[in-house]
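Visitor: dropping the sequence and predicted coords here.
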Amino acid sequence: MKRDAGVGQGVQGRGWPTGAALLAVSAAMLMPLSAHAQLFGDNEARRAILDLRQRYQSLTDEQARTRSSLLELQNQIESLRSELAKSRGREEQLARDMAEMQQRQKDLARAVEERSSASRPAAAAASNGDEAEAGAGGKEKAEFDAALNHFRKGDYAKAQTAFRAFVRNRPQSSMKTSALFWLGNSDYALRSYRSAMANFRAVVAQAPDHERAPEALLSIANCQTELKETTAARATLEQLVAKYPRTEAAQAARDRLARLK
């Protein structure tokens, strides 16, 4: 027994590790491997988190751009709707004005025809001179009626040419004022607003007491409105109301003035 003890002591004395020491050494060797594995896992996790953050930020930016585009598109749609509503309003007003003008033209044409028929010679004169005068009047009336017929059919270019020839060739005719009036209407229908105003002004200047003078003033205001001369149109309408207050044209002028304010 003493020998065995000595042998054990000798082994220990020569530096051989015991079982506990071996376990401690093994644990020390395994610790770096575990720490390395944990470090590797943390790096991967951090990279995954960064990647997710970048993706999230990209999605957020994309959503912001999309919202901005949608908002801009919505604003454009609202602007288009507003313009469309304004355009429809202008078209409706233009349609009302056109219908009013066409009705007025029909009424005027009917009145002119009635007056022209009434002014026709009642009977042929007995003398040769009277017969010649009656013949001339009939030809003059036929020319006027032919020009007016072009207007009624909507052939405003032919009506313009015919009435212009009538005014030029028959400066002393009792129907010259009416011819000037319808020449102005033909110009207006062809959108020759400056020429139309000149003819309507000639009606007012040459025959201020003519029953077509108030209508001529109203037509001048219409031309000025078409030319966007609102101030001038208002002044013309006010002149019409002041000069011919009891006429239908004056009532129409009052309505127009109410809309212009």
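Guide: Received, thanks.
Visitor: where does the stretch 1-150 of the chain have low pLDDT?
Guide: Along the stretch 1-150 of the chain, the parts satisfying pLDDT under 70 run over 1-41, 94-137.
Visitor: helix, strand or coil for P208?
Guide: The three-state assignment at P208 reads coil, by DSSP: H, G, I helix; E, B strand; the rest coil.
Visitor: quick check: it vs S174, distance?
Guide: The gap separating P208 from S174 is 16 Å, by C-beta to C-beta, to the nearest Å. (Each C-beta comes from the backbone N, C-alpha and C, glycine too.)
Visitor: how about A147?
Guide: If you measure A147 against S174 using C-beta to C-beta, the figure is 15 Å.
Visitor: before we move on, what about I220?
Guide: In this structure, I220 and S174 are separated by 23 Å, where distance is defined by C-beta to C-beta.
Visitor: what do you get for N149?
Guide: With the distance defined as C-beta to C-beta, N149 ends up 20 Å from S174.
Visitor: neighbour count: these two, which is higher?
Guide: For the pair N149 and S174, the greater number of neighbours falls to N149 (15 against 11), based on other C-beta atoms under 10 Å.
Visitor: within the helices and strands, which one has the more buried one?
Guide: helix 128-152 (DSSP states H and E).
Visitor: following that helix, which helix or strand comes up?
Guide: Defined by DSSP H and E, the subsequent element after helix 128-152 is helix 156-169.
Visitor: CA atoms of that next one as CSV?
Guide: What follows is helix 156-169, C-alpha atoms only, in CSV (Å, rounded to 0.1, in the frame of the first residue of the first chain):
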residue,chain,number,x,y,z
TYR,A,156,-75.7,84.0,-95.2
ALA,A,157,-72.9,84.5,-97.7
LYS,A,158,-75.4,85.0,-100.6
ALA,A,159,-77.6,87.2,-98.4
GLN,A,160,-74.6,89.3,-97.6
THR,A,161,-73.7,89.8,-101.2
ALA,A,162,-77.3,90.5,-102.2
PHE,A,163,-78.0,93.1,-99.5
ARG,A,164,-74.6,94.7,-100.1
ALA,A,165,-75.5,95.1,-103.8
PHE,A,166,-78.9,96.5,-102.9
VAL,A,167,-77.4,99.1,-100.6
ARG,A,168,-74.8,100.1,-103.2
ASN,A,169,-77.2,100.1,-106.2
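Visitor: which strands and helices sit next to that helix?
Guide: helix 128-152, helix 176-189 (3 or more C-beta pairs under 8 Å, 6 or more residues apart in numbering; DSSP states H and E).
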